[in-house]
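> I'd like to go over a predicted model; first the sequence, then the structure.
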Amino acid sequence: MVRYHRMKGRPTLWIPGTDHAGIATQLVVERMLASEEGIKRVELSRDEFTSRVWDWKEKYGGTIINQIKRLGASCDWTREHFTLDEQLSRAVIEAFVSLHEKGLIYQGSYMVNWSPSLQTAVSDLEVEYSEEPGTLYYVKYRVAGGSKSDFLTIATTRPETLFGDTAIAVHPQDDRYSKYIGRQAIVPMTFGRHIPIISDKYVDKDFGTGVLKVSPGHDHNDYLLARKLGLPILNVMNKDGTLNEVAGLYCGLDRFEARKKLWSDLEETGLAVKKEPHTSRVPRSQRGGEVIEPLVSRQWFVSMEPLAEKALHAVEKGELKIIPERFEKIYNHWLSNIKDWCISRQLWWGHRIPVWYIEGKDCEEEYVVAKTAEEALAKAQQKYGKNVEIYQDPDVLDTWFSSALWPFSTLGWPDVSAEDFKQFYPTTLLETGHDILFFWVARMVMMGIEFTGTVPFSYVYLHGLIRDSQGRKMSKTLGNVVDPIDTIKEFGTDALRFTLALGTAGQDLNLSTERLTSNKAFTNKLWNAGKFVLQNLPSKDDTSAWESIADYKFDQAETLGQLPLPETWVVSKLHMLIDTVTTSYDRFFFGDVGRETYDFFWSDFADWYIEASKARLYKVEGHSVASVAQAVLLYVFENILKMLHPFMPFVTEALWQALPGRNEALIVSSWPQTSLPRDAISIKKFENLQSLTRAIRNARAEYSVEPAKRISASIVASTEVIHYISREKDVLALLSRLDLQNLYFTGSPPGDANQSVHLVAGEGLEAYLPLADMVDISDEVQRLSKRLSKMQTEYDGLVARLRSPNFLEKAPEKIVHEVREKAAEAEEKITLTRNRLDFLKSTVLVAD
């Protein structure tokens with residue numbers, strides 16, 4: 001995208017950079033400290049730990065940037081940013097303070113996704129659900145004041161949370177339990193704690209026993225139900241995943257250990273009914289992989305509905321276009337059902353929340369928001385007196401909060417007078433993976449509109465994910481992660497880029513060795529074509545020859561009309577390709593650009609025109625004959641390099657610099673002009689010449705004619721066709737390996753037609769190839785007779801199997817089908833071979 005638009009003459013800026021990846025980076029450094037030094041984060045001060053993280057970042061943090069550079073990203077590396085840079089950090093503080101002043105940031109105790117090992121909240125989007133085998137436990141809850149037979153059996157996958165139960169719920173229309181509604185149930189293993197038995201339509205009568213234990217402190221749905229019904233919320237878990245004092249005797253046990261011990265105790269007391277295998281959706285941290293625990297926790301949130309409404313309108317009004325268009329539905333669905341964003345993280349690595357609390361006061365009620373500690377103290381002193389003491393919130397902001405500001409924070413915001421901000425904001429296009437459409441894209445749109453009043457970009461282009469050759473997501477667990485640097489070393493950057501760019505927008509791409517090998521061959525083909533062009537251009541001091549080349553103005557219809565047929569054809573095809581490719585680039589159809597340019601270069605230019613040009617380049621008449629081929633080779637090849645440059649910058653730049661007269665680098669050269677002349681009639685004429693060449697080549701292959709052997713031919717066609725075909729007899733003879741001295745053009749079949757192979761290349765265009773010229777007829781008759789005998793024996797064997805009742809009855813249907821197909825194929829080959837043998841024998845008789 002960047003290289004294309006720069007070549008089109010547009011001011012182009014791509015700012016490189018990385019985010020600080022709060023959770024992932026802290027996790028890596030904590031593991032490193034534990035393995036290398038045997039220390040935990042909490043054994044260090046906050047400053048000591050963050051210093052260690054900065055050290056790690058300096059050593060390993062450049063990996064992604066180096067990969068991007070090696071991949072040929074055309075960025076302005078003088079503007080590289082990091083989300084913890086001073087400028088971007090200033091923007092983060094400004095954004096938080098501004099949102100808080102508008103009432104869009106608030107603090108509260110709500111249910112969040114808790115990571116016990118990292119001891120931080122993670123967003124809904126950072127939780128991945130996987131279907132995993134587990135256990136469904138059936139537990140008795142006795143009805144208070146009832147007999148031994150009065151109990152309710154609940155089914156749960158997490159019995160350890162029963163200590164947090166605040167109600168038992170059944171469906172109001174479930175006749176099995178209607179008599180218990182309004183009574184009390186006794187929570188097992190709690191020394192008789194009573195909870196109400198209530199009814200609610202939320203309960204699924206068909207799941208388990210139809211009885212639901214309501215644990216509002218440890219289940220998202222139970223939490224919502226409790227808030228609706230006004231039930232109390234009990235938390236039974238510590239931040240590290242162990243049970244707290246609410247769990248009584250189980251206090252201090254890890255949640256999974258507590259589950260085992262509790263079930264054992266329930267069995268002993270007769271309250272365990274049964275347990276059975278059960279597959280459930282387990283929430284796991286996208287970062288650490290551990291099981292996430294729903295917990296009620298005090299956090300900072302952004303009120304999202306007001307922001308989402310504006311972002312939805314941007315797409316509705318056409319101010320923002322998402323490519324592919326089908327992702328607009330996903331975007332709209334997410335924003336229409338958006339929840340408030342939990343932006344606080346209980347980490348040390350990241351942007352510290354700019355909130356200061358008052359010593360001795362309630363944190364939820366008494367705090368100040370400020371841009372600096374000095375400003376916070378001044379605000380606190382103004383409100384609470386000069387002797388007030390304050391301390392900053394220990395939490396940091398979600399990494400995505402700073403990333404959401406990227407389009408404008410990197411350009412100087414909040415300084416709207418910054419030159420970059422004035423020149424480049426709003427930006428034109430965002431290109432990213434479809435998997436972070438909401439993580440990043442939607443949040444950038446919301447923040448961009450909120451802080452600048454405009455959508456941060458006009459287009460969002462979503463690429464697919466790179467998967468392994470089997471279509472699996474790359475992961476360390478599977479051991480299928482591909483390092484792009486390793487791929488580059490084996491296949492080259494250009495081959496890798498071309499492979500990736502051929503993907504379709506929004507669709508995942510399976511990265512296979514076969515594709516990379518094929519595109520490495522394409523890179524080599526391009527290089528060899530460049531060598532051929534360079535080797536066949538005039539020497540630099542041959543002024544006369546270069547003046548002749550310069551005289552060809554291929555952008556003029558008059559020049560095109562004076563070119564020989566092959567040259568008119570290839571230049572016309574090039575001009576058509578430029579229009580097609582330019583349109584595809586503008587419509588973001590990058591895969592089409594790659595395939596169209598690949599096909600033209602390989603099929604039209606390399607396979608046909610380069611070969612045809614040799615008829616002029618290797619003639620002895622001198623420069624006058626060669627100059628037209630040299631001019632066309634140079635013109636077509638340099639335009640191919642321009643069109644391929646955005647895909648394959650290294651090989652194209654190297655070849656461009658090797659061409660004579662290059663006063664500027666390819667990266668800043670002008671994009672080819674569109675709407676150039678083309679000659680449709682000449683294209684059709686050359687296609688006839690191609691058809692004739694293919695027919696002759698096929699006949700040579702069919703009769704196993706030695707590649708170096710030149711054969712005779714009579715070309716039969718109308719006067720008009722003969723006129724333009726015969727003018728290119730040198731090209732036809734070269735491409736078809738014909739004997740130029742025995743190449744005839746006529747309007748009727750030759751006298752030896754019955755001793756020749758007759759070819760129909762197209763309507764009104766035929767060829768006769770004397771058989772005696774191609775093969776020794778007697779030897780060929782003998783060879784084909786032996787071959788026919790062998791084929792007949794194989795065919796008879798297949799037919800015999802198909803006639804056998806034993807085979808038809810016992811063999812699998814698939815095997816029978818395969819044998820039938822082989823027999824049909826063998827019969828067809830026998831017919832063809834017999835016809836050719838009959839033709840050869842008749843030719844021998846005629847000759848005799």
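Sure thing, it's come through. What you see is a predicted model, and the numbers here were worked out from it, not measured in a lab.

> go through the one helix or strand Y137 maps to and flag the buried ones.
Using DSSP states H and E, the element containing Y137 is strand 127-143. Residues of strand 127-143 classed as buried: 136-143 (neighbour count, 16 or more other CB atoms under 10 Å). Using the backbone N, CA and C atoms, a C-beta is placed for each residue, glycine as well.

> and the next element down the chain from it?
strand 151-156.

> who touches that following strand?
Residues from elsewhere that reach strand 151-156, judged by CB atoms under 8 Å, 6 or more residues apart in numbering: 136-143, 162, 168, 170, 177, 180, 185, 197, 207-209, 211-213, 273.

> residues near the closest residue to D604 other than its chain neighbours, how many?
Counting by CB to CB, 6 or more residues apart in numbering, D604 lies nearest to K573, which is 5.4 Å off, once chain neighbours are set aside. K573 has 21 neighbouring residues, counting by other CB atoms under 10 Å.

> return the member of the buried residues of strand 127-143 nearest to T746.
Nearest to T746, judged by CB to CB, of these is L136 at 88.3 Å.

> the closest one bridge partners, please.
Per DSSP bridges, the residues bridged to L136 are E276.

> that one contacts F207, correct?
No - L136 lies out of contact with F207 (CB atoms under 8 Å); the separation is 9.7 Å.

> tell me the mean pLDDT for stretch 404-417?
Taken as a whole, stretch 404-417 has an average pLDDT of 97.

> how long is that stretch end to end?
21 Å (CA to CA, to the nearest Å).

> what residues of that stretch count as buried?
Those would be 404-414, for stretch 404-417 by 16+ other CB under 10 Å.

> how about stretch 165-185?
Buried, per 16+ other CB under 10 Å, within stretch 165-185: 165-171, 177, 180, 183-185.

> then S518 would be within a helix, right?
Yes - counting by DSSP: H, G, I helix; E, B strand; the rest coil, S518 is found in a helix.

> for N639, what are its contacts?
574, 578, 672.

> tell me which element the second one is part of?
Right, the one you point to is I578. For I578, the enclosing helix or strand under DSSP H and E is helix 565-586.

> show me what that helix is packed against.
Secondary-structure packing of helix 565-586 (3 or more CB pairs under 8 Å, 6 or more residues apart in numbering; DSSP states H and E): helix 557-561, helix 590-599, helix 623-644, helix 680-702.

> which among those helices is found nearest to L771?
Here helix 680-702 is closest among the helices and strands packed on helix 565-586 (CB to CB), at 9.9 Å.

> okay, the angle between the helix holding I578 and helix 590-599?
Relative orientation of helix 565-586 and helix 590-599, computed by axes from the mean of the first three to the mean of the last three CA atoms, to 10 degrees: 170 degrees.

> quick one: secondary structure of P677?
coil.

> count the neighbours of it for me.
P677, neighbours per other CB under 10 Å, totals 16.

> that one and L574, how far apart?
Taking CB to CB, to the nearest Å as the measure, P677 falls 11 Å from L574.

> hmm, back to that, with just CA atoms, put the strand holding Y137 into CSV.
Below are the C-alpha coordinates for strand 127-143, written out as CSV (Å, rounded to 0.1, in the frame of the first residue of the first chain):
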residue,chain,number,x,y,z
VAL,A,127,-10.2,-14.7,27.4
GLU,A,128,-10.3,-17.7,25.1
TYR,A,129,-12.9,-20.5,25.6
SER,A,130,-12.0,-24.1,24.9
GLU,A,131,-14.1,-27.2,25.0
GLU,A,132,-12.4,-29.4,27.6
PRO,A,133,-13.3,-32.7,29.3
GLY,A,134,-14.3,-32.2,32.9
THR,A,135,-16.7,-33.5,35.6
LEU,A,136,-20.3,-32.6,36.5
TYR,A,137,-20.8,-33.0,40.3
TYR,A,138,-24.3,-33.7,41.8
VAL,A,139,-24.7,-32.4,45.3
LYS,A,140,-27.6,-32.6,47.8
TYR,A,141,-28.8,-29.4,49.4
ARG,A,142,-31.2,-30.2,52.3
VAL,A,143,-34.4,-28.2,52.7
